[in-house]
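S.K.: build me a structure from this.
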Amino acid sequence: MERLFRQYDAGKDGFIDLMELKLMMEKLGAPQTHLGLKNMIKEVDEDLDSKLSFREFLLIFRKAAAGELQEDSGLHTLARLSEIDVSTEGVKGAKNFFEAKVQAIHDASRFEEEIKAEQEEKKKQAEELKQRKAAFKELQSTFKQ
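M.R.: Have a look, this model is predicted:
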């Protein structure tokens with residue numbers, strides 16, 4: 001866990017700030033909104049400094065193990081995506097693990113399906129509008145003669 005923490009502590013100041021957390025979540029394949037990132041920090045920020053110390057970072061995984069994180073929260077996603085020990089699995093195993101996790105998240109995304117349905121509905125409405133305009137122009141041309 002310490003290696004993971006140090007990997008994303010780009011400033012090497014012993015803390016993961018908002019931008020570092022943003023980059024971490026993007027690299028793990030689970031980007032978050034600005035507000036989502038702030039809420040992630042707020043949920044485990046014991047000293048209220050708006051950044052994560054190593055102790056607070058470990059608290060994420062303790063809460064995840066205890067089932068104290070909501071399943072749709074960014075912290076739950078972070079804990080789920082980080083639950084592999086690279087030293088025992090190797091880099092190739094870790095790569096496969098993360099790719100499978102990211103794929104599972106994308107497959108299970110209810111928002112993705114809702115967006116696709118909404119886009120299809122808009123296409124259908126645009127096509128219907130186009131057909132109505134064509135029918136109107138046809139009727140209009142019969143009155144002009």
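
S.K.: ranges for the helices of this structure?
M.R.: Remark: helices assigned in the chain by DSSP state H are 2-8, 18-27, 34-44, 54-65, 74-81, 86-108, 110-144.

S.K.: turn these into CSV, including mean neighbour count.
M.R.: (Each C-beta comes from the backbone N, C-alpha and C, glycine too.) Formatted as CSV, the helices of the chain follow (neighbours: other Cβ atoms under 10 Å):
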stretch, mean neighbour count
helix 2-8, 13
helix 18-27, 17
helix 34-44, 16
helix 54-65, 16
helix 74-81, 20
helix 86-108, 12
helix 110-144, 9
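
S.K.: mean pLDDT lowest where, among those helices?
M.R.: Set side by side, these give their lowest mean pLDDT on helix 86-108, at a mean of 54.

S.K.: now the residue nearest the centre of the chain: how far from Leu78?
M.R.: Centroid-nearest residue in the chain, with Cα atoms, centre = their mean: Ala30, separated by 3.2 Å. Distance, Ala30 to Leu78, by Cβ to Cβ, to the nearest Å: 7 Å.

S.K.: now swap in Met19 and tell me
M.R.: Counting by Cβ to Cβ - Met19 and Leu78 are separated by 15 Å.
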